[in-house]
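here is a sequence together with a model predicted from it:
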Amino acid sequence: MSARVIFLGAPGAGKGTQARALAAEWGVPQVATGDMLREAVAAKTPLGLEAKRHMDSGGLVPDDVVIGLVEERLARPDGAAGFVLDGFPRTTAQAQALDAMLKRRGQSIDRVVFLEVGREELLRRLTGRRVCPKCGAAFHLVSAPPRTAGRCDNCGAELTQRSDDTREAVATRLDVYEKQTAPLLAYYRDRGLLATVPGEGAMPRVAADIRRAVGRAVPA
Ligand SMILES: [Zn+2]
């Protein structure tokens with residue numbers, strides 16, 4: 001039995017952590033497109049070089065490049081028993097391309113897990129990061145606070161917030177994400193594949209809810 005699952009969720013929803021745990025449990029690869037893009041660029045593969053050209057000119061990496069990378073990844077032997085996709089698809093066009101690719105391989109998606117976290121909680125998680133400008137140490141007001149408020153544990157320097165972690169910058173990122181993802185949720189809901197899992201509880205509770213949601217895709 002196969003286990004082909006997609007994880008959807010806003011930045012800060014915790015889907016990377018949950019996707020990694022599920023993939024390890026099932027013995028299938030966690031296919032995170034952000035990591036794959038960085039690897040392909042570093043390895044200077046043909047697709048990686050093409051992706052780099054777009055990234056260097058400040059543009060988005062086109063769908064066909066991302067899809068090519070995913071196809072290459074899923075064709076490796078460890079993808080035969082299934083996969084957990086994390087960060088892909090991002091758009092309806094990518095979802096359609098993924099369906100077409102799987103169809104060519106005689107496969108299909110078993111479940112799409114949408115990890116739902118409210119906007120205020122996402123803002124709280126994503127704006128909590130603080131960094132030390134002197135030694136580079138990173139902290140988080142909620143999950144990894146410094147011993148003395150506002151001071152670096154290592155060198156005592158005053159901690160700062162990166163410009164892309166401010167409330168305004170994060171809110172813009174979340175707006176872009178929501179706009180992009182709403183049609184994607186509808187796409188999978190229409191196909192009866194979408195399972196919405198509340199992502200604000202404690203990590204083990206969320207993990208248990210996810211396993212219930214993908215129950216029928218769990219390998220025997
Ligand atoms: Zn420091």
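Ah, there it is.

the helix or strand where residue 176 lies - contacts with which helices or strands?
Per DSSP states H and E, residue 176 falls inside helix 167-190. Where contact means 3 or more Cβ pairs under 8 Å, 6 or more residues apart in numbering; DSSP states H and E, helix 167-190 is packed against strand 3-9, helix 92-104, helix 119-126. For the C-beta atoms, the positions are set from N, CA and C on the backbone; glycine is no exception.

the ion is nearest to which of the ones you listed?
Across the helices and strands packed on helix 167-190, the ion has its closest neighbour in helix 119-126 (21.9 Å, Cβ to the ion).

check the offset of the following helix or strand past the closest one from the chain's centre.
For helix 119-126, the following helix or strand on the C-terminal side (DSSP H and E) is strand 129-131. Its chain's C-alpha centre lies 21 Å from the corresponding centre of strand 129-131 when counted by Cα atoms, centre = their mean, to the nearest Å.

ok, stretch 74-83 next?
Using Cα atoms, centre = their mean, the offset of stretch 74-83 from its chain centre is 19 Å.

one more: stretch 98-113?
18 Å.

contact partners of that stretch?
2-8, 15, 18, 67, 70-71, 74, 82, 85, 88-89, 188, 193-195, 197, 210, 213-214, 216-217 (Cβ atoms under 8 Å, 6 or more residues apart in numbering).

just the buried ones among those residues, please.
Among the contacts of stretch 98-113, the ones that count as buried by 16 or more other Cβ atoms under 10 Å are 2-8, 15, 18, 67, 70-71, 74, 82, 85, 88-89, 188, 193-195, 197, 210, 213-214, 217.

report pLDDT for the one residue sitting closest to the centre of the chain.
Centroid-nearest residue in the chain, with Cα atoms, centre = their mean: residue 87, separated by 3.7 Å. Per-residue pLDDT puts residue 87 at 85.

which other helices and strands contact the helix or strand hosting residue 37?
Per DSSP H and E, residue 37 falls inside helix 33-43. With contacts defined as 3+ Cβ pairs under 8 Å, 6+ apart, helix 33-43 has these neighbours: helix 46-56, helix 63-74.

which one of these lies nearest to the ion?
Closest approach to the ion among the helices and strands packed on helix 33-43 (Cβ to the ion): helix 46-56, 30.1 Å.
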